[in-house]
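*Asks:* model this:
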Amino acid sequence: MINRIIDWFKMHEKTTLFILVLLFLATRLGGAGLPLHQDEYKWPIVVNPANIGSTIPHPPLGQFIYRTAGSMIGFNTHFRFVPVFFGLLNLLLLYYLMRFLFGRKEALIASFIWIFSYFSVLASLMVDTDGEIMPFFFLLALIGYFKIKKTTGKEKYKWLILLGLACILGFLVKVSFLLAIFAIIADFIWSKKNDISKKDILRYIVRLGFFLGLLTVLLVFSVKIFPFFKLEESISYWGRFLIDFSSRSWFQTVIQCIKALLYSSPFLVLVPLLDLKGIFYKAKLFIFFLLFSIVFYVILFDFSAGALDRYLQLLVLPLTVLTTLVIAQIVRTKDRRTKEFFLFGLIIGLILILLQSLPHYVPSLHPKSEWITRIASLKWNFVYPFSGGSGPLGFYVSFLVIGFSWIISLVAVVFAMIKPQYKKLVLIFLLPLGLVYNGLFVEEYLVGHWNGHAQFLLYPAVEYIKNNPDIDKIITFNDNGGHEIRGIGKYGRRLYIDPKFPGQIDYMNQNKAYYFVLDVPRIDQRSVYRKYFDTCKVLYTEVDKKMSATVYDCHGIPDISVY
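*Replies:* Purely as a prediction, here's the structure:
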């Protein structure tokens, strides 16, 4: 069945590309107007030339891209069209790369994974550079590199130019693009391991040193081309992530890595294990990139205080390629029971969807002990809040669905590894589960049918704040709605999620003001925040399923304490 569908698409390539583009846009354009959250809304402020002195603490090309887009479309628009645009380009580049490397079938499978993976959807709607802009230059570099390996004569030089330019431009977006460069170098060295001489090694080291020196020189002199770029500020910012094992929050690092795994889905993470050894030679560059990324982001540098889950969006590309190659390898085998196993997977997927309708508890994000205890005690009928310092604005997904999806997928993959003759049947079984898992994440992120939609609550609340003449400034919980409230000129400041954040309680006691609470994540009912807001006057409140938006007037209330 799968092979027949793939064969039809292969015979109608132009129609296929048109359908792929439509599917990509259909799964993204509905989120183009989602509220910018925390670090996201700083981009249109910082890149606006009218705001002199503002800069992004990274090499200048990312800021230049957003600044150019703002100059063309306007700085008051939602900047999500930028990652959507690059995401669409990446879809086409990925199709082209997979087609000439492996074939049309692999190109088609990779494209569908790129379109329907939640982590890919999130990356193409997040205002930053990690999710789509850096993969754009990585894909260009990969095309140049593999074309060099497959061509001869003078034609190699044009692909060498593409490879060099892509690496330079990627580095000028973010220094961590070195991971992609080193992955390409590692693949090249591996391919030469049987016939490389000491003289060759010396020559390659000299060339690498020259290229790294060139990158450094270009970074230093880029301040001449991009006057808004401040190298000193960037170096100071990068210094914050130098490893310090004595003060590093390993717990927070683990939590963010787990969140990135949940975003990736059990399908993308576990399916490659079905035949990783069999695809190693074809996929070794992407495996090198995965390993280098894990070492860089998790071990070498301390990103526990940063948006590590955002940085790990880079992993979508290699995971997509690995999953694609395993699927293409396995579906070549014949087994007449594929329909039964697909139907079985479809039934399990429908059951997972129905689990969403069961009563679910809404725990707070802080203290973390509450939901960790529920996980450990197998009380999984709760919703987990997904949010981040660079977006998205919070949404809820049933942990019951998440937990069962991972357990079922893991058991199935382990079974197939023990009984290799069942690999194709297990893969067919996992297909509908993967679609359901990613589909539920995308649906709750974009629509919030089951657990509520923050955007639905935000805009009416902002309209109320705008039209209330008594409210001159308002403080926002978790900076939810911060961009929209800035837009009406009434932004006070941000109230951090954790009430134990230094100075939070003192500030609240000294500033008996108006507060806006869009409670994603939910405020702990036993916390000092809840105690504080319970003494305030409620001016406005609206509820959507498991979420609520409330405007408080806290003038004249008594002081509170942590104890």
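*Asks:* all contacts plus neighbour counts: C-alpha atoms, from now on.
*Replies:* Fine.
*Asks:* got any ranges where this structure has weak pLDDT?
*Replies:* 1-7, 9-10, 243-247, 305, 500-503, 562-563 (pLDDT under 70).
*Asks:* could you pull out the strands for it?
*Replies:* With DSSP state E, the ranges of strands along the chain come out as 383-386, 395-398, 474-477, 491-495, 514-518, 537-544, 547-553.
*Asks:* contacts for the fourth one?
*Replies:* With contacts defined as C-alpha atoms under 8 Å, 6 or more residues apart in numbering, strand 491-495 is touched by 473, 474, 475, 476, 477, 478, 479, 482, 485, 504.
*Asks:* Chain neighbours aside, what residue packs nearest to residue 447?
*Replies:* Nearest in space to residue 447, with sequence neighbours left out and distances taken as C-alpha to C-alpha, 6 or more residues apart in numbering, is residue 453 at 6.1 Å.
*Asks:* One more: residue 359?
*Replies:* Here the residue nearest residue 359, using C-alpha to C-alpha, 6+ apart, is residue 381, at 7.1 Å.
*Asks:* show me what contacts the residue nearest to residue 447?
*Replies:* Each residue near residue 453 by C-alpha under 8 Å, 6+ apart is listed here: 395, 444, 445, 446, 447, 544, 547.
*Asks:* Which of the residues you listed sits closest to residue 213?
*Replies:* residue 445 (43.0 Å; C-alpha to C-alpha).
*Asks:* hang on, that closest one packs against residue 395?
*Replies:* Yes - using C-alpha atoms under 8 Å, residue 445 makes contact with residue 395 at a distance of 5.9 Å.
*Asks:* hmm, back to that, burial count for the residue nearest to residue 359?
*Replies:* By the criterion of other C-alpha atoms under 10 Å, residue 381 has 20 neighbours.
*Asks:* Pull the contacting residues for it.
*Replies:* By C-alpha under 8 Å, 6+ apart, the neighbours of residue 381 are 358, 359, 360, 361, 398, 399, 400.
*Asks:* now do 10 Å
*Replies:* 355-356, 358-362, 374-375, 398-401, 403 (C-alpha atoms under 10 Å, 6 or more residues apart in numbering).
*Asks:* Repeat that for residue 486.
*Replies:* For residue 486, the contacting residues are 41, 473, 474, 492, 493, taking C-alpha under 10 Å, 6+ apart as the criterion.
*Asks:* re earlier: over to the residue nearest to residue 447: give its phi and psi.
*Replies:* Dihedral angles of residue 453 (phi, psi; degrees, to the nearest 10) stand at phi -130, psi 120.
*Asks:* in the helix ranked longest in the chain, what's buried?
*Replies:* Looking only at the chain and at elements set by DSSP state H, the helix with the highest residue count is helix 198-225. Neighbour-count burial for helix 198-225, with 16 or more other C-alpha atoms under 10 Å as criterion, is recorded at 215, 218, 219, 222.
*Asks:* Kindly indicate the member of the contacts of residue 486 with the most neighbours.
*Replies:* Neighbour counts for those (other C-alpha under 10 Å) peak at residue 474, which has 23 neighbours.
*Asks:* can you pull the contacts of that residue?
*Replies:* 465, 482, 485-486, 489-494, 513-516, 551-553.
*Asks:* Dump the contacts of residue 486 to JSON lines, plus distance to residue 206.
*Replies:* JSON lines is the format used below for the contacts of residue 486 (distance: C-alpha to C-alpha, whole Å):
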{"residue": "41", "distance to residue 206": "43"}
{"residue": "473", "distance to residue 206": "59"}
{"residue": "474", "distance to residue 206": "58"}
{"residue": "492", "distance to residue 206": "55"}
{"residue": "493", "distance to residue 206": "52"}
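*Asks:* ok, of the contacts of strand 491-495, which come out buried?
*Replies:* The neighbour-count test (16+ other C-alpha under 10 Å) applied to the contacts of strand 491-495 identifies 473, 474, 475, 476, 477, 478, 479, 482, 485 as buried.
*Asks:* Could you identify the pair within those residues that is furthest apart?
*Replies:* The most widely separated members of the buried ones among the contacts of strand 491-495 are 473 and 478, with 15.9 Å between them, by C-alpha to C-alpha.
*Asks:* how does this structure divide into domains?
*Replies:* Under the assignment named as automatic domain parsing, the residue ranges that make up the domains of the chain are 2-246, 338-446, 454-553.
*Asks:* Output these in a markdown table; the columns should cover distance to residue 285.
*Replies:* Output for these, formatted as a markdown table (distance: least, C-alpha to C-alpha, whole Å):
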| stretch | distance to residue 285 |
| --- | --- |
| domain 2-246 | 5 |
| domain 338-446 | 24 |
| domain 454-553 | 39 |
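*Asks:* Residue 307 is nearest to which of those?
*Replies:* That would be domain 338-446 among the domains of the chain, by C-alpha to C-alpha, at 6.1 Å.
*Asks:* And the closest one, how far out from the chain middle?
*Replies:* Counting by C-alpha atoms, centre = their mean, to the nearest Å, domain 338-446 is centred 18 Å from the centre of its parent chain.
*Asks:* Also stretch 448-456?
*Replies:* In terms of C-alpha atoms, centre = their mean, the gap separating the centre of stretch 448-456 from the centre of its chain is 20 Å.
*Asks:* Same check on stretch 544-559?
*Replies:* For stretch 544-559, the distance to the chain centre is 31 Å (C-alpha atoms, centre = their mean).
*Asks:* what's the first-to-last distance across it?
*Replies:* End-to-end distance of stretch 544-559: 31 Å, with C-alpha to C-alpha, to the nearest Å as the criterion.
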